[in-house]
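J.: below are the sequence and a predicted model for it; my questions follow.
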Amino acid sequence: MLSRLILLGLQLIAAWFAAPFIVRYIPGLGRMQLFVFAVVFAVVVWIVGLVLSQVLREAGMPTSSTLVSALIVALIGAALVTWLPVFVPDVRGAMRALPDLAYPLIGAVLGYHIKR
């Protein structure tokens, strides 16, 4: 249990700080920048899980289906931030509590740990 908590914390920290450095090398994002961040978050979360599965004994090795799960849930998080305030304008006030990039990051980590 402690190893999964350590894995979760390190995945959040690594993805939050590494993704902006990776995304700035991808040209021509425009309005799709949040979705590109979602993909980068999912890949970084999966790679950190892959590396830490070698270090932590109780953490199992992630599979490709874990990556797909992290990608799907991260993209759902990005879609919620992008399109939900358009359809339900009152929800934007409640969503301001977290930065827009936090939703795909949380989605990527949840997708990873749901599959694990």
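T.: On my side now, so go ahead.
J.: looking at this structure, which helix or strand is least sure?
T.: The helix or strand of the chain with the poorest confidence is helix 91-95; it has a mean of 76 (mean pLDDT, DSSP states H and E).
J.: can I get the CA coordinates of that one in PDB?
T.: As requested, the backbone C-alpha atoms of helix 91-95 are provided in PDB (Å, rounded to 0.1, in the frame of the first residue of the first chain):
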ATOM      1  CA  VAL A  91     -19.900  24.700 -13.700                       C
ATOM      2  CA  ARG A  92     -16.900  27.000 -14.700                       C
ATOM      3  CA  GLY A  93     -17.000  28.700 -11.300                       C
ATOM      4  CA  ALA A  94     -16.600  25.400  -9.500                       C
ATOM      5  CA  MET A  95     -13.800  24.300 -11.900                       C
END
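J.: can you give me the offset of that helix from its chain's centre?
T.: 20 Å (Cα atoms, centre = their mean, to the nearest Å).
J.: go on, stretch 47-56?
T.: With Cα atoms, centre = their mean, you get 16 Å for stretch 47-56.
J.: ok, back up a step: which outside residues touch the least confident helix or strand of the chain?
T.: Val81, Leu84, Pro85, Tyr103 (Cβ atoms under 8 Å, 6 or more residues apart in numbering). C-beta here means a position set from N, CA and C on the backbone, and glycine is covered the same way.
J.: buried set for the very next helix or strand once past that helix?
T.: Going down the chain from helix 91-95, the next helix or strand is helix 102-115, by DSSP states H and E. Within helix 102-115, the residues scored as buried using 16 or more other Cβ atoms under 10 Å are 102-113, 115.
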